[in-house]
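Undergrad: fold the stuff below for me.
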Amino acid sequence: MTRIDSFATAVGARFSLERVVHLLDHSEPVGLATEGLSTLISQFGAAAASLFYASRPPLSVRRGEMSPAISEFADRWESGVEKRIAACAWEVTAQDELRAAWQPVKGTDCVAVQSLIVRDGKVAGTLFVAFAAAQVPAGSQRDTLLHYLQAFGRIVSLVSELSLSRDRLSQLSLFYQVAQSMASTFDLGKVLDDTMQLATAVLDASASALMLIDKETGDLVFEYTHGEMGALLRKQRTRQNEGIAGWVATQGMPVIVNDVRQDQRFSPQVDARTGFLTQSVLCVPIQIRGTIVGVLEALNKRSDTGFDAEDLSLMITTANQAAVAIENAQLYQSLRDERDRIIQAQEDVRR
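TA: Coordinates of the predicted model:
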């Protein structure tokens, strides 16, 4: 290596380090990805850059001049990576983490650089950079680019994990608040209102509803609601043999339906009465000592990814909390009724 090459490598390493340190200022994945891709374009002369990270929900950010041909090329590459990540644990070695594929983009004079984002030895995403043929990095600049891609990917992984941890802490905090409310009051209305607020916020849903079975008619009644159109849903009724909620109440099984129009169990009658447009549903049964007393449902996930297994797990936990609150309120009411009966009996004896 010549002295000029050594100097260029040192300058490149310093540039890469400074840029990476600056990226650490971001605590939010989208902002981090946007700045990191913009740096690739401005500092390395790239035409366009794209990032995909298999977080929840998936992170996908693009910058630069994405021509149709480049966009299609990136779509195919990222789709392939996403499918392979979803299919199995895609393990790579430490040496593979620093490698990249260099391929011409058909129909253009551009070359695509594709690298993998690795977390704990497994592929978690990918970075895609397109260069005009005359601007493709070489020599020390190429090495600097590869190190930057590796460091950038690691920071994206770190910040995404921190963001997920913050979300989970927020969820745990909300669960704790509801548990405190349950322990400090027998006001069933307040507890279940808090539960509805929890379900809507944690699941990022447009609305949530708790429906209880009317013991006299067997109907499901919207007793507690939260979110968009919640007031219109309250006290609406539906039969147990009607709709997705009715199916869950009858079968005692949770269900995720991310496109209700494609599910034969869906009934549009409640939507017709209220004007609420149901698009997706996550519904779980509420059980007390093995007996189904109602259902808890979240409506219309805001993100395009739809409800998933983790949402289902959170919803089951929320339904269990609701069941405890309902049972506590029933026991409390039974004790009050028994107390009143005893007092009345004592007064009758005195007479």
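Undergrad: show me the shaky parts of the stretch 101-250 of the chain.
TA: 164-188, 228-232 (pLDDT under 70).
Undergrad: please spell out which residues along stretch 259-274 are buried.
TA: 260, 265-267, 270-271, 274 (16 or more other Cβ atoms under 10 Å). Any C-beta I mention is one placed from the backbone N, CA and C, and that applies to glycine too.
Undergrad: what average pLDDT does that stretch get?
TA: Throughout stretch 259-274, pLDDT has a mean value of 87.
Undergrad: which other residues reach it?
TA: Contact with stretch 259-274 is made by 229, 232-233, 236, 238, 242-244, 246-247, 255, 257, 276-281, as judged by Cβ atoms under 8 Å, 6 or more residues apart in numbering.
Undergrad: and with 7 Å instead?
TA: Outside of stretch 259-274, the residues within contact range by Cβ atoms under 7 Å, 6 or more residues apart in numbering are 229, 232-233, 236, 238, 242-244, 247, 257, 277-281.
Undergrad: in strands only, show me those.
TA: Under the assignment DSSP state E, these contribute 238, 257, 281 to strands.
Undergrad: neighbours of the last one, how many?
TA: Number of residues near V281 (other Cβ atoms under 10 Å) recorded here: 26.
Undergrad: nearest spatial neighbour of it, chain-adjacent residues omitted?
TA: V257 (4.8 Å; Cβ to Cβ, 6 or more residues apart in numbering).
Undergrad: residue contacts, that neighbour?
TA: Counting by Cβ under 7 Å, 6+ apart, V257 has contacts 244, 263, 266, 280-281.
Undergrad: sorry, back to before: buried ones among the contacts of stretch 259-274?
TA: Buried among these (16+ other Cβ under 10 Å): 229, 232-233, 236, 238, 242-244, 247, 257, 278, 280-281.
Undergrad: so which of those comes closest to E35?
TA: Nearest to E35 out of the buried ones among the contacts of stretch 259-274 is S280 (Cβ to Cβ; 32.8 Å).
Undergrad: distance check, V248 against L233.
TA: 16 Å (Cβ to Cβ, to the nearest Å).
Undergrad: ditto for Q321
TA: For Q321, the distance to L233 - Cβ to Cβ - is 21 Å.
Undergrad: cool, R56 as well?
TA: Distance from R56 to L233, by Cβ to Cβ: 28 Å.
Undergrad: which residues touch S206?
TA: 227-228, 299-300, 302.
Undergrad: surely it is within a strand?
TA: Yes - assigned with DSSP: H, G, I helix; E, B strand; the rest coil, S206 falls within a strand.
Undergrad: what's the closest non-adjacent residue to it?
TA: N300 (3.8 Å).
Undergrad: ok, V113 next?
TA: In space, V113 is closest to V129, 4.4 Å off (Cβ to Cβ, 6+ apart).
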